[in-house]
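Chemist: I need the structure of the sequence given here:
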Amino acid sequence: MQSVSDFCDDTARRKLLVATTSAGALAGAATLVPFVGSLAPSEKARALGAPVEADISTLQPGTMTTVAWRGMPVFLVNRTQSMMASVVRANSMVADPSSEHSFSMRMPAYCSAQYRSRASHPNLLVVVGVCTHLGCTPTPRFIPGAQPNLPDDWPGGFLCPCHGSTYDLAGRVFKDKPAPRNLDVPRFEFISSTVVIGRDEKGEA
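Modeler: Down below sits the predicted model:
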């Protein structure tokens, strides 16, 4: 039979155990709050991932401008009718003419047409200027025809200076090149004469 003193000792031990457990839980929670907070992205990180706007009102036909988005160059090309015709001519020369295989991001459905552009602005090409081989930045080589480091039937496009991968004026990689995929097309939308990169009707990328 348990004595009164034993009962008191058990009660005291239970109170001590509850108090110790509660204190440990509170200390753990206090430690966890700053840790969880540290996992949230900083203001700088959020800014780096934010959409960017580019004014294309002065982008002349046949020219290109580059903007930075998420630390990557994004090419904006205002293609002429002859440049768009070269895209059609390149269909049999590129490895993935219908862009069935994405690289680092899924191509937006509204850019699945041949020119890889929005129907409202078929002339404007928006692609990430990062070679899908080893990440170099391709250079524009828009003039068609024979020239150094390019074939005699060159239709115009981009040349990667690192290992010779070439892309047409829709950002599609030519056959038998080191690069395995077409240039990425980011999500984008138009607001008047501005293109917003990294956002579309479905929200931010």
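
Chemist: Residue 134 contacts residue 164, correct?
Modeler: No: with contact defined as C-beta atoms under 8 Å, residue 134 and residue 164 do not form a contacting pair (11.6 Å). Yep, even glycine has a C-beta here, placed from its N, CA and C like the rest.

Chemist: what is in contact with those two at once?
Modeler: Listed as contacting both residue 134 and residue 164 by C-beta atoms under 8 Å, 6 or more residues apart in numbering are residue 178.

Chemist: ok, and the closest non-adjacent residue to residue 138?
Modeler: residue 158 (3.8 Å; C-beta to C-beta, 6 or more residues apart in numbering).

Chemist: so who does that neighbour touch?
Modeler: Residues in contact with residue 158 (C-beta under 8 Å, 6+ apart) are 75, 129, 138-141, 166-167, 171, 183.

Chemist: at 10 Å instead, please
Modeler: 64, 75, 77, 127, 129, 131, 137-142, 165-169, 171, 173, 183 (C-beta atoms under 10 Å, 6 or more residues apart in numbering).

Chemist: Among the residues you listed, name the buried ones.
Modeler: 64, 75, 77, 127, 129, 131, 137-138, 140-142, 165-169, 171, 173, 183 (16 or more other C-beta atoms under 10 Å).

Chemist: distance between stretch 168-185 and the chain's centre?
Modeler: Here stretch 168-185 is found 16 Å from its chain centre; the criterion is C-alpha atoms, centre = their mean, to the nearest Å.

Chemist: So which bits of that stretch are buried?
Modeler: Quick answer for stretch 168-185 (16+ other C-beta under 10 Å): 168-174, 177, 179, 181-185.

Chemist: cool, stretch 95-111 as well?
Modeler: 97, 99, 103, 107-108, 110-111.

Chemist: Could you export those as a markdown table, including pLDDT and distance to residue 91?
Modeler: Formatted as a markdown table, the buried residues of stretch 95-111 follow (pLDDT from 0 to 100; distance: C-beta to C-beta, whole Å):
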| residue | pLDDT | distance to residue 91 |
| --- | --- | --- |
| 97 | 96 | 5 |
| 99 | 94 | 12 |
| 103 | 95 | 19 |
| 107 | 94 | 17 |
| 108 | 95 | 21 |
| 110 | 95 | 20 |
| 111 | 94 | 16 |
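
Chemist: Check these against residue 69 and report the nearest one.
Modeler: Among the buried residues of stretch 95-111, residue 108 lies closest to residue 69 (C-beta to C-beta), at 14.5 Å.
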